[in-house]
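Asker: Next come a sequence and a model predicted from it.
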Amino acid sequence: MIKHRQITGFTLIEVLIAMSLLSVMVLLLFASLKIGAESWGQGEEKVSKVNDIAVVYNFFQSYLSSAQPQFSDGKNDEHSLLFQGGDQHLQFVSSFPASAGRAGLQLFNVFLAQTEQGPYIKVSVTPFDPAKDGVSADNEEAVDLFGPIESFNLQYWPIGTEGGDWEDEWLNKEVMPRLVKIKIIPENDMYWPDMVIELKVTGKPGDDNDELDTDRDEQQSGVATP
């Protein structure tokens, strides 16, 4: 008598069900990976934007706040303050830290420039030399500080002003302003708070520090959250 061996296995329906479940699991896995990658990219973009804000703020806080009231000793007895500012450009004299390896005062120029990518805030730095009309002959090419942007605006608050208002330019003055407000609107509409930089020195060279401190106290008491 011949005995037939029983063969066990999966039916076609079971195989189709298993493949369908596997397809759903793979689809869910790739969807999760896509969401994770997009979240990671958005996080990196936000971190990059925050870093851009920090870089711009640190630049103005480090160099603009320590600007020096230097005058140009040009030809024909010209004697003008080198701190000059408009609503979209600013010139001032400051210095690099010792770690930068660039000793002496430097003339900073901050301005808005139109490029192929859009408006950019640019900075040029040249060695300050009063014997050469305030600027060394070795000019340096401007570098990008931030961009592209929608708008860039500067305003100035004078010392010893009570109940006054911000000024849109600081040209041909005898003294430096007390505060400088910098407003930047990035191209991506990201919220960027206004930066208000307090200058450590505001008067002419040789002014009494006590008088400057008094003006500073009056200015701070007269301005509530500029």
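Answerer: Noted; the coordinates are in hand.

Asker: all strands for this protein, in order.
Answerer: 71-73, 79-81, 84-85, 89-95, 105-115, 118-127, 143-146, 149-157, 179-186, 195-198 (DSSP state E).

Asker: Surely Tyr57 is in contact with Asp194?
Answerer: No - contact criterion CB atoms under 8 Å: Tyr57 and Asp194 do not qualify, at 10.9 Å. C-beta here means a position set from N, CA and C on the backbone, and glycine is covered the same way.

Asker: in this structure, which ranges drop under the pLDDT threshold?
Answerer: Within the chain, the ranges that satisfy pLDDT under 70 run 1-9, 41-49, 73-79, 98-101, 130-140, 161-163, 189, 202-226.

Asker: which other helices and strands contact the longest helix along the chain?
Answerer: Ranked by number of residues, the top helix in the chain under DSSP state H is helix 12-59. Using 3 or more CB pairs under 8 Å, 6 or more residues apart in numbering; DSSP states H and E as the contact test, the elements touching helix 12-59 are strand 143-146, strand 179-186.

Asker: Switch those strands over to a markdown table; also include distance to Gly36 and mean neighbour count.
Answerer: Converted to a markdown table, the helices and strands packed on helix 12-59 look like this (distance: least, CB to CB, whole Å; neighbours: other CB atoms under 10 Å):
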| stretch | distance to Gly36 | mean neighbour count |
| --- | --- | --- |
| strand 143-146 | 30 | 15 |
| strand 179-186 | 27 | 19 |
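
Asker: Compare these and report which one is nearest to Trp170.
Answerer: strand 179-186 (8.3 Å; CB to CB).

Asker: quick check: angle from the closest one to strand 89-95?
Answerer: Put simply, strand 179-186 runs at 120 degrees to strand 89-95, going by axes from the mean of the first three to the mean of the last three CA atoms, to 10 degrees.

Asker: quick revisit: now render the strands of the chain as JSON lines, adding distance to Leu171.
Answerer: Formatted as JSON lines, the strands of the chain follow (distance: least, CB to CB, whole Å):
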{"stretch": "strand 71-73", "distance to Leu171": "14"}
{"stretch": "strand 79-81", "distance to Leu171": "9"}
{"stretch": "strand 84-85", "distance to Leu171": "6"}
{"stretch": "strand 89-95", "distance to Leu171": "10"}
{"stretch": "strand 105-115", "distance to Leu171": "14"}
{"stretch": "strand 118-127", "distance to Leu171": "19"}
{"stretch": "strand 143-146", "distance to Leu171": "22"}
{"stretch": "strand 149-157", "distance to Leu171": "10"}
{"stretch": "strand 179-186", "distance to Leu171": "14"}
{"stretch": "strand 195-198", "distance to Leu171": "18"}
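
Asker: quick one: which of those strands is nearest Trp166?
Answerer: strand 149-157 (3.9 Å).

Asker: Give me the contacts around that closest one.
Answerer: Contacts with strand 149-157, where a contact means CB atoms under 8 Å, 6 or more residues apart in numbering, come from 85-90, 112, 118-121, 164, 166-170, 177-187, 189, 219, 223, 226.
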